[in-house]
Each structure stands twice: as structure tokens, then as C-alpha cells.
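Peer 1: fold the following, please.
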Amino acid sequence: MENKTQIIAETGKQELFIIREFDAPRELVFKAFSEPDLIIQWLGPCEMETVVEKLENKTHGSWRFIHKDPAGNAYAFNGVIHEVCYPERVIRTFEFEGLPERGHVSLEFLTLEKLENDRTKATIQVIYKSMYDRDGHIQSGMERGVVDSHQRLDALFNLMKHESR
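Peer 2: Numbering: from 1, shown residues only. Next up is the predicted model:
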């Protein structure tokens with residue numbers, strides 16, 4: 001079964017939803033979203049390297065990740081973690097540091113739903129300060145990065161399944 005990433009952004013709303021099913025148990029999907037040694041293997045566009053500079057994956061923690069392209073350019077993201085509820089939910093903020101003016105912070109709700117046959121449905125609701133911020137994020141190429149990330153995550157889960165046999 002091929003899983004497909006859905007990005008839903010309704011006109012006139014300050015939010016979007018990223019929905020994806022994975023062929024992996026919920027606890028493993030949570031771990032992949034939570035542990036630096038796994039995050040660096042799948043997060044970001046396929047041609048970029050991800051560096052986890054900071055990840056305090058706990059309620060009232062914070063995080064900072066950097067994507068580096070082949071030319072050596074760095075793109076940093078950071079946020080505050082409001083809530084971690086293993087293995088079903090993480091609520092955090094997200095800010096891209098490369099914008100000329102700061103303050104374009106969004107709020108992300110990651111929910112992991114346990115499905116039959118050791119599958120998991122991941123839903124990320126992202127709420128933006130304005131429709132302008134949401135549309136700017138979409139136009140920045142975010143969709144390609146999300147789809148690449150999810151495909152890389154699928155490959156990581158497949159590798160982990162084969163290694164455990």
C-alpha cells in the first residue's frame with residue numbers, strides 16, 4: 001500500500017493540515033519524531049543534511065534544527081515545546097529564522113493515531129498568525145520538503161523492519 005501525504009489548506013483559514021499514514025507502530029513513529037539520531041535521517045528535503053542543534057523533547061522544552069544544502073547554506077528553525085504526551089501528541093511552536101523580520105511563529109499540533117496492522121496516522125495541524133503567513137509558508141516550497149521527509153521516513157521504517165528480522 002502506498003501512503004500519500006495530504007496537505008490541506010482551506011481558503012480563508014489561518015491553518016493547514018498535513019496528514020500521512022505510515023506502515024509503522026505509533027510508538028516507533030513517535031520515536032522518529034522525537035529522537036535526534038532518527039530525525040537527522042529523514043527530516044527535510046532529500047538533498048539537505050539536517051543538524052539537530054537542540055532538542056529538549058519534553059513539556060516546556062525547546063528545539064532548534066538546521067538544514068544545510070550542498071552549497072553550504074544553512075536554514076535554521078526553532079521553537080518551544082508546549083506539551084509532549086507519549087506516544088500520541090506533541091504541541092510546539094515553529095519559526096523559520098531566515099525571514100527578514102521575526103515573529104512569524106506558528107503553532108503545531110502533532111497527533112499520532114494508532115491504526116490496525118501496526119500502522120499509524122500522523123496529523124499535523126499548523127495554526128498561523130495570519131493567512132499571509134500560512135500562504136507564505138506554502139509558497140516557500142514547504143510541500144516538497146514535507147513530501148521528501150515523509151518518503152525518507154518510510155525508507156527509514158523499512159530499513160528498521162529489515163534490521164529487526
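Peer 1: tell me where the protein has strands.
Peer 2: Taking DSSP state E as the criterion, the chain carries its strands at 6-8, 15-22, 49-55, 61-68, 74-85, 89-96, 106-115, 119-127.
Peer 1: and the contacts of the fifth one?
Peer 2: It refers to strand 74-85. Contacting residues not belonging to strand 74-85 are listed as 34, 48, 53-54, 56-69, 89-98, 105, 108 [C-beta atoms under 8 Å, 6 or more residues apart in numbering]. All C-beta spots, glycine's among them, are computed from the backbone N, C-alpha and C.
Peer 1: quick one: buried ones out of the residues you listed?
Peer 2: Neighbour counting over these (16 or more other C-beta atoms under 10 Å) leaves 34, 48, 57, 61, 63-68, 90-92, 94-96, 108 as the buried ones.
Peer 1: if we can go back for a sec, possible to save the strands of the chain as a markdown table with distance to Arg152 and mean pLDDT?
Peer 2: Formatted as a markdown table, the entries for these read as follows, by distance: least, C-beta to C-beta, whole Å; pLDDT from 0 to 100:
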| stretch | distance to Arg152 | mean pLDDT |
| --- | --- | --- |
| strand 6-8 | 17 | 97 |
| strand 15-22 | 12 | 98 |
| strand 49-55 | 10 | 97 |
| strand 61-68 | 13 | 97 |
| strand 74-85 | 17 | 96 |
| strand 89-96 | 19 | 96 |
| strand 106-115 | 17 | 98 |
| strand 119-127 | 14 | 98 |
